[in-house]
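Q: give me the fold of what follows.
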Amino acid sequence: MHRNCNNMSMIKGVITGDLVNSTQIAAEWRQLVMDALNASVSDLSSLTPIKIETYRGDSFQITVDQLESVLTVAIAIRAKLRASTPDKSEGWDARLSIGIGDVSFESQNILTSDGEAFRLSGRAFDNIGKKRLCISTPCTELDSRLELVTRFADDVVSGWTPKQAAVVYRSLVFPKTQKELAEELKMTYQNFNYHWGVAKGQLILDYINYYKSLVTKLISN
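A: All right, here's what the predicted structure looks like:
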């Protein structure tokens with residue numbers, strides 16, 4: 001049940017997810033797709049304390065300590081998967097349900113931990129339908145403000161090509177200039193900038209910053 005954002009303590013972000021159409025991923029690529037998922041979590045650990053646990057082969061749960069980074073983590077994970085898609089394969093992706101709230105019990109095993117964030121994430125994931133990104137919080141006002149823009153952002157991310165996703169991923173995870181990032185991706189600056197524009201990278205950054213401002217205003221304070 002949603003409530004106002006008052007007296008919140010030990011707030012964390014929990015992401016419940018699974019790989020899209022995992023049964024259609026060729027057997028020889030199964031390890032690669034899991035490697036991409038784990039690599040993204042490793043890279044993102046420079047931004048925030050983060051843990052992942054996988055189960056049932058293609059499902060996983062992630063805890064993110066720094067609330068402001070939860071959405072960045074979710075979008076970066078999807079970007080990494082899409083960027084790692086082999087040629088002529090359907091774009092790799094994940095369905096991700098973000099839950100934000102109190103964590104009442106945290107064990108070494110994420111799957112046995114409990115609290116509002118876990119329950120919100122799990123319930124929203126059960127009802128995610130055809131969406132690939134959703135956010136659920138204890139705050140009715142926050143949820144209503146994020147719902148429409150999240151649907152737009154989800155649609156944008158779902159259309160990224162591997163090159164577009166690679167450009168956005170590095171921009172999100174590694175705070176460098178576009179020229180430096182282009183060199184790391186072995187692209188010209190012009191090519192990098194083109195893919196960034198087509199991927200609507202700046203709009204995605206604006207969306208993340210909008211989320212951060214709302215979370216800071218309505219929950220963190």
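
Q: look up phi and psi at Gln61.
A: Backbone dihedrals for Gln61, given as degrees, to the nearest 10, come out at phi -140, psi 140.

Q: and for Thr16?
A: phi -100, psi 130.

Q: wait, it touches Ser121, no?
A: Yes: contact criterion C-beta atoms under 8 Å: Thr16 and Ser121 qualify, at 4.5 Å. No exception for glycine: its C-beta is placed from N, CA and C like everyone else's.

Q: now do the shared contacts for those two.
A: Common contacts of Thr16 and Ser121, defined by C-beta atoms under 8 Å, 6 or more residues apart in numbering, comprise Gln61, Ser97, Gly99.

Q: so what's Leu185 up against?
A: Ala166, Val167, Arg170, Phe192.

Q: next one: it from Phe192, what distance?
A: Per C-beta to C-beta, to the nearest Å, Leu185 is found 7 Å from Phe192.

Q: give me the common contacts of the two.
A: In contact with both Leu185 and Phe192: Val167, using C-beta under 8 Å, 6+ apart.

Q: quick one, longest helix in this protein?
A: The single longest helix within the chain, with elements called by DSSP state H, is helix 140-158.

Q: and that one, what's buried?
A: Neighbour counts over helix 140-158 (16 or more other C-beta atoms under 10 Å) mark Leu142, Asp143, Leu146, Val149, Thr150, Ala153, Asp154, Val156, Val157, Ser158 as buried.

Q: just how off-centre is that helix within its chain?
A: The chain centre lies 13 Å from the centre of helix 140-158; the measure is C-alpha atoms, centre = their mean, to the nearest Å.
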